[in-house]
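**Q** using only what follows, build the 3D model:
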Amino acid sequence: MDSALGIFGSQSWLRPAGIGAASAHDLTVAMAIGLGVVFVVVMALIALAWRADTAPRGWWIWSGGVIVPLGAILLILLGSTMALLAMTRAHDDALVIDVTGHQFWWDIVYDPEGAAVRDANELVLPKDRPVTLRLHAEDVIHSFWVPSISGKMDMVPGRTNILTLTATRTGLFRGQCAEFCGVGHPRMAFEVRVLDPGAFDDWLEQTGGEARKAARPDLQDGREVFETAGCAACHEIRGVAEGARMGPDLTRIGARRSLGAGMWRMSQGALAGWIADARAMKPGAQMPGYTQLSGPDLRAVSAYLASLK
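**A** Predicted coordinates:
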């Protein structure tokens, strides 16, 4: 683990990369300025009322302390907030992506009503295109949050919440579960990668195919270990072992930058350690350790998984 935040580094709303985040940022700045102005005006009115005769003092206090803040400023803030919330509703032309929170990882399905493409712990978005996220929770309450792109939305078991966002800048952005969901909650991060529309379409087509073939003998051995050691009971590799949903899809695990939902930099060594004892690398992980694997088998299966890109 590179730091307490994992390999993705820090996250911030101060440099917006999405329409929702930019609107929230602008609203926050406007509120701060507005409240500063109100404070100065109210203090000035109080000072004037204090220096004036007794009769008009109450009028100054009521107008500056109650009527103006409640009648004007709060109505403006209410209207701005409602407009911001309206942006999170489903969009007719939006790309639909299902995101499900688990203890303690993210299951992501692109175009779930069409040629569904499944991935895990990394969310890829097209720039300047609305995307509607259908948010689910498998076990406990989670919360989806990418502060650079949009506000957060809770994920509640048995309920589908909708969050529509539009990324406006390409790059890599950190996301995080924002609702305490168990001992692994601080280590439940994900990465958002924003691509130009053409690059996103290419990525989606490439990601939707079957896993890369095991070209070398050691990779073929690793594939056999994956199939015989019980890994396929929880994990899917398209074209090799399909249908399992308990754990993340591993079809392109070697292409991910991280292991363990943002906690460890992806490498064959990290994969071998994870397979041997995931709970030692990430407290709260649900995956059991495969300590029964021999050294050659562990090296073979970790090499095979690292080759899946």
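
**Q** check which residues of stretch 153-171 are buried.
**A** Along stretch 153-171, the positions that meet the burial threshold by neighbour count (16 or more other CB atoms under 10 Å) are 153-156, 161, 163-170. C-betas here are computed from N, CA, C, even on glycine.

**Q** one more: stretch 225-235?
**A** Of the residues in stretch 225-235, those buried under the neighbour-count criterion (16+ other CB under 10 Å) are V225, F226, A229, C231, A232, C234, H235.

**Q** so which residues make contact with stretch 174-189?
**A** The set of residues that contact stretch 174-189 without belonging to it, under CB atoms under 8 Å, 6 or more residues apart in numbering, is 4-6, 8-11, 101, 103-106, 123, 139-146, 148, 152, 154-155, 190-192, 258, 260-263, 282-285.

**Q** if we can go back for a sec, any chance of the buried residues of stretch 225-235 in CSV, with pLDDT, secondary structure and distance to L45 too?
**A** CSV is the format used below for the buried residues of stretch 225-235 (pLDDT from 0 to 100; DSSP: H, G, I helix; E, B strand; the rest coil; distance: CB to CB, whole Å):
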residue, pLDDT, secondary structure, distance to L45
V225, 95, helix, 77
F226, 95, helix, 73
A229, 92, coil, 75
C231, 93, helix, 71
A232, 92, helix, 72
C234, 93, coil, 66
H235, 94, coil, 66
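
**Q** and the two most separated of the residues you listed?
**A** Taking CB to CB as the measure, those span a maximum distance of 14.7 Å, between V225 and C234.

**Q** now the stretch 51-200 of the chain, which segments are flagged as low pLDDT?
**A** Scanning the stretch 51-200 of the chain with the threshold set as pLDDT under 70 gives 52-66, 68-72, 84-88, 90.

**Q** now do the helices in it.
**A** Under the criterion DSSP state H, counting those that start in this stretch, the stretch 51-200 of the chain contains helices at 54-62, 68, 74-86, 197-207.

**Q** thinking again about what came up before, show the buried residues in the contacts of stretch 174-189.
**A** The neighbour-count test (16+ other CB under 10 Å) marks 5-6, 8, 11, 101, 103-106, 123, 140, 142-146, 148, 152, 154-155, 190-192, 258, 260-263, 282, 284-285 as buried among the contacts of stretch 174-189.

**Q** tell me the buried residues in stretch 190-199?
**A** Within stretch 190-199, judged by 16+ other CB under 10 Å, the buried ones are F190, E191, V192, R193, V194, L195.
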